[in-house]
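# Structure, please.
(one chain, ligands or ions: 1)
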Amino acid sequence: MIKTATFIKSAADKSGWIDDGVDEICFVGRSNVGKSTFINAITNQNKLAKTSSAPGKTRLLNFFNINNGQFRIVDAPGYGYAKVNLAQKMAFGEMMDDYLTNRNNLVGVCMLVDMRHDPTADDLQMYNFLKEVDLKVLMIGTKLDKLKKNDIQKNEKSIKKILNFDENDTFLKVSNTNKTNINLVYNVLVELLDG
Ligand code: GDP
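Numbering: from 1, shown residues only. Purely as a prediction, here's the structure:
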């Protein structure tokens, strides 16, 4: 399990990346998908990952030390926020492209999608990119508590179909609110680290 999680630093670009051999798992997702709440839930903390008061404005990667050097969580800015301008969009794309393509420490990506809805064009673009650069993905479907029982399988199927989901990747449905399946996350992260 995750026993300790501490903030290390933020980085705007490559010059801020940490130069050592520790494995990293990057967390990506659309703004408001529940990424901060999820990171706080799996690390058992209230305020480790902060929800930005101005979503889309923060374009930094945030590095967290997990279990005193076992691995790092790298929290990426949320994408798809409607009010960002083209320059901000480009800067985000460039930073993520560089990190996801060139970061040797990166062993896998935890991508979050909202279980209530079909993936957005931005979600599809992100997942396609991750598959193009051959990254393993742990897909987290959030807000499970908001779904009617009958919709759970149906929505998962639809999300996977739209994303052309790679069956070698793992898909886990969670509720941050009820903590459903949060206890399963650590073992899947370890599979990414070991694989
Ligand atoms: P981020 O922008 O991806 O970091 O999203 P946040 O973690 O700030 O969450 C956005 C909103 O969704 C907040 O109001 C959260 O309380 C809510 N939220 C996050 N996870 C869940 C969940 O599993 N279920 C429900 N019902 N709401 C959630």
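# contact partners of the strand of greatest length in the chain?
As assigned by DSSP state E, the longest strand anywhere in the chain is strand 106-114. With Cβ atoms under 8 Å, 6 or more residues apart in numbering as the test, strand 106-114 has contacts from 23-30, 33-35, 38, 71, 74, 99-100, 119, 123, 126-127, 130, 135-143, 159, 189, 192-193, 195. (C-beta placed from N, C-alpha, C; glycine too.)
# The ligand next: which of these are close?
29, 33-35, 142-143 (Cβ under 6 Å from any ligand atom).
# Setting aside sequence neighbours, what's the nearest residue to residue 142?
The shortest distance from residue 142 to any non-neighbouring residue, by Cβ to Cβ, 6 or more residues apart in numbering, is to residue 34 (4.0 Å).
# quick one: contacts for that neighbour?
Counting by Cβ under 8 Å, 6+ apart, residue 34 has contacts 112, 114, 142-143, 176.
# Which members of those residues define the maximum pairwise distance?
114 and 176 (11.5 Å; Cβ to Cβ).
# Residues that sit against both of the two, list them.
In contact with both residue 114 and residue 176: 34, 142-143, using Cβ under 8 Å, 6+ apart.
# Narrow those to those in strands?
Short answer: the shared contacts of residue 114 and residue 176 in strands (DSSP E) are residue 142.
# Show me which residues of this structure sit near the ligand.
Counting by Cβ under 6 Å from any ligand atom, the chain sits next to the ligand at 29, 31-37, 51, 55, 78, 142-143, 145-146, 175-177.
# so where's this protein shaky on pLDDT?
By pLDDT under 70, the low-scoring segments of the chain are 51-58.
# re the thing from before, what strands flank the longest strand of the chain, and is each parallel or antiparallel?
Using DSSP bridges, the strands paired with strand 106-114 are strand 24-29 (parallel), strand 137-142 (parallel).
# who's in contact with the first one?
When contacts are taken as Cβ under 8 Å, 6+ apart, the neighbours of strand 24-29 outside the stretch itself are 35, 38-39, 61, 63, 71-76, 78-79, 96, 99-100, 103, 105-113, 126, 138, 140, 189, 192-193.
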